[in-house]
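Asker: Provide a 3D model corresponding to the input given below.
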Amino acid sequence: MKKNIAIIMGGYSSEFEISLKSGNVVYRALSPEKYNLYRIHILKHKWVYVNDDGVEFPVDKNDFSVIVHDQKITFHCVFNAIHGTPGEDGHIQGYLKLLNIPHTSCGMYQAALTFNKRDCLSTLKPYGIKSAESYFLNLNDVVNEDDIVSKVGLPCFVKANKAGSSFGISKVYKKEDIQAAIDVAFKEDDEIIIEAFLDGTEVSVGVISYKGTTTVLPITEIVSDNDFFDYKAKYLGESQEITPARISPDMAKKVSDTAKKIYEVLKMQGFSRSEFIFKNGEPYLLEVNTVPGLTAESILPQQAAAAGISLSALFDNAITEALK
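Answerer: Just a heads-up that it's a prediction; the model follows:
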């Protein structure tokens, strides 16, 4: 009997449009001969199943089911393609855990931890994972620009602590511009992380559970046409993403080992994509993504392709691993 697979997409954050693209790529890549596939849009104002004709059927949140033509449909597995909240911050993972529905992403705790840059970096530090010097602010904290500059220096990055796709991030060169950057970041989140600028090669490393084994994918080098890897660089083609990265074998081994260590220390499952910058030949962790972009142009699928793993094989494996 074919399994019913819900592909959830959308979400409540600024990333919802990107997530809809990812979800539709997953929908097209998976085999309808093998699975009954259902696109589920999870949005602030509605949860709906959307069929191929664009007709919407409401989702019953009590048991995550839909009724289509008087037939109740429940799901054997959920493919999570939601970037940001509620798919990448632990909310959906906790909900599905309570309903005992397998899903393709990591556990609730791992999602919540990795989505919080500040807490994730703090948790990994005792394991020898290096990161930039940082300064934290909560909404309504007193802002002391002198303290910030003294801790992280200039230029620095002001980031929303819990946001993705480079929303709410600014590179600041002058002390007098710090407050404006903080205001931008607070539009995305009520917590901010301000980090020292690391001048070096930026790379992205995908780690997945593939056929039962923790697998590090080929490394991607990020070369932004802009001042840093911002939204335009990520999604509007204003960057080069070079796989495999043009780094030495020693650097490649160090960053691959570090990414695998992070995956295993945090007891991850499913997809992960960690971002690093090299400083003096050592990889410094920027962040860990647990629901990375899944379009053919996205970094993790590019890495999988370089490893000889097609989109359909990548997504099919995620479901197989989840159903174990």
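
Asker: Helices of the stretch 51-200 of the chain, residue ranges please.
Answerer: 91-99, 108-115, 117-124, 145-152, 178-186 (DSSP state H, counting those that start in this stretch).

Asker: Those into CSV, with extra columns for distance to F16, mean pLDDT and mean neighbour count?
Answerer: Backbone N, C-alpha and C define where each C-beta goes, glycine included. Shown next, in CSV, are the helices of the stretch 51-200 of the chain (distance: least, C-beta to C-beta, whole Å; pLDDT from 0 to 100; neighbours: other C-beta atoms under 10 Å):
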stretch, distance to F16, mean pLDDT, mean neighbour count
helix 91-99, 14, 98, 18
helix 108-115, 16, 97, 21
helix 117-124, 20, 96, 19
helix 145-152, 31, 97, 15
helix 178-186, 19, 95, 17
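
Asker: Need those helices in TSV (columns: distance to F64).
Answerer: Formatted as TSV, the helices of the stretch 51-200 of the chain follow (distance: least, C-beta to C-beta, whole Å):
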stretch	distance to F64
helix 91-99	6
helix 108-115	15
helix 117-124	28
helix 145-152	43
helix 178-186	33
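
Asker: Quick one: closest of those helices to E297.
Answerer: Each of these was scored for nearness to E297 using C-beta to C-beta, and the closest is helix 108-115 (23.1 Å).

Asker: got the angle for that closest one vs helix 117-124?
Answerer: With axes from the mean of the first three to the mean of the last three C-alpha atoms, to 10 degrees as the criterion, the two stretches helix 108-115 and helix 117-124 enclose an angle of 110 degrees.

Asker: centroid residue for this protein?
Answerer: In the chain, the residue lying closest to the centroid (C-alpha atoms, centre = their mean) is N289, at 3.0 Å.

Asker: ok, and the closest non-adjacent residue to that one?
Answerer: For N289, the nearest residue in space outside its immediate sequence neighbours is R273; the separation is 4.6 Å by C-beta to C-beta, 6 or more residues apart in numbering.

Asker: Show me what the host helix or strand of that neighbour is packed up against.
Answerer: Counting by DSSP states H and E, the element that carries R273 is strand 271-279. Where contact means 3 or more C-beta pairs under 8 Å, 6 or more residues apart in numbering; DSSP states H and E, strand 271-279 is packed against strand 202-210, helix 249-265, strand 282-289, helix 299-306.

Asker: That one to helix 249-265, inter-axis angle?
Answerer: Using the same axes, to 10 degrees, the inter-axis angle of strand 271-279 relative to helix 249-265 is 140 degrees.

Asker: tell me the mean pLDDT for strand 271-279?
Answerer: Averaged over strand 271-279, pLDDT sits at 97.

Asker: quick one: strands adjacent to that strand?
Answerer: When sheet partners are counted by DSSP bridges, strand 271-279 sits next to strand 202-210 (antiparallel), strand 282-289 (antiparallel).

Asker: now it against helix 299-306, angle please.
Answerer: Using the same axes, to 10 degrees, the direction of strand 271-279 lies 100 degrees away from that of helix 299-306.

Asker: so how far is strand 271-279 from its chain's centroid?
Answerer: When C-alpha coordinates are averaged (C-alpha atoms, centre = their mean, to the nearest Å), strand 271-279 and its chain have centres 11 Å apart.

Asker: Buried ones in it, by neighbour count?
Answerer: Neighbour-count burial for strand 271-279, counted by 16 or more other C-beta atoms under 10 Å, picks out 271-278.

Asker: what's the answer for stretch 61-73, then?
Answerer: Along stretch 61-73, these residues count as buried under the neighbour rule (16+ other C-beta under 10 Å): 64-66.

Asker: What of stretch 291-298?
Answerer: Of the residues in stretch 291-298, those with enough neighbours to count as buried (16+ other C-beta under 10 Å) are 291-295, 298.

Asker: I am finished for the moment; much appreciated.
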